[in-house]
Structures are given as C-alpha cells and as structure tokens.
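*Asks:* next come a sequence and a model predicted from it.
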Amino acid sequence: SIEMVEAVGKAYLPTFFRQCSQLLKPDGLMLLQSITISEARLASYSKGQDFIQRHIFPGGFLPSLSLLTDQIRGASDMELRDCQDIGLHYARTIQDWHRALHQNRQPLAKCGYDERFMRLWSFYFCYC
C-alpha cells in the first residue's frame, strides 16, 4: 500500500487494516508506505484543516506511527516487522517532481492546465 492510508481517513483505518489482513495469504507480508506526522503535532493537526487537506488531498489524514501500529494491532492479526524512515528520500522526490512540473509547463498548458494549477502544485511541492 503506497500512500493509500492517508486517503483512507482516520475513521476507516480499522476497516482498511482488517481488509488488508483478510486479503493476505497465510504468512503473507504487507508493505505499507505512508507519510506520517509526529506524535507532538498529531493532536493540533487533527483539529483543523491545513493547506494540503484543503487543496491537495481533501479528506486526507496523516497518521502518527503509533496511531498506525495501534490500529493495525486492534483491527487485524498483522504485526510490524520493520519500520524505516524514508523522509530524506521523499524530500528529494518532491524536489524532482517540482523540477519536472516546471520543465513541462508548455505541454501541461496544452493539456489545459492553467497558471492557477501550476502555482497550486508548485506551492505544494515547496510546502512539503
């Protein structure tokens, strides 16, 4: 599951993990890649809507690592085997996406993507 869990939303995490568990073969493995938020920021983040929730991923929710592990344990028989922080790789990826967006301005404009679209996604890539 690559960045799917953020789109599931907090209320549906138990259903998501229960379904993932049911779809696995016995002794099967699941890879979950997710953007997470720190425990310290989770409470304040959960109270409102930031730029990304409002304009890029409406209804999206960034979980904390402990929230994910608690939900996995509570809704399934799956267990965490390995956890890696790939944040620095993601930062590089965002930079590359930003560069590609600007390098492809002309083709995107021909497809109907206007200046507002370009500014929105450029801001998002810088915001991240």
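*Replies:* On my side now, so go ahead.

*Asks:* so which bits of the longest helix along the chain are buried?
*Replies:* Secondary structure of the chain read by DSSP state H shows that its longest helix is helix 87-103. Across helix 87-103, burial judged by 16 or more other Cβ atoms under 10 Å covers 98, 101. C-betas here are computed from N, CA, C, even on glycine.

*Asks:* ok, residues contacting that helix?
*Replies:* 35, 108, 118, 121-122, 125-126, 128 (Cβ atoms under 8 Å, 6 or more residues apart in numbering).

*Asks:* what's the burial count for V5?
*Replies:* By other Cβ atoms under 10 Å, 24 other residues sit near V5.

*Asks:* kindly report the same for L13.
*Replies:* 20.

*Asks:* thought it was touching R73?
*Replies:* No: using Cβ atoms under 8 Å, L13 is not in contact with R73; the gap is 11.5 Å.

*Asks:* quick one: the spatially most distant residue from the centre of the chain and F51, what's the gap?
*Replies:* Relative to the C-alpha centroid of the chain, counting by Cα atoms, centre = their mean, K110 is the outermost residue, at 29.1 Å. For K110, the distance to F51 equals 28 Å [Cβ to Cβ, to the nearest Å].
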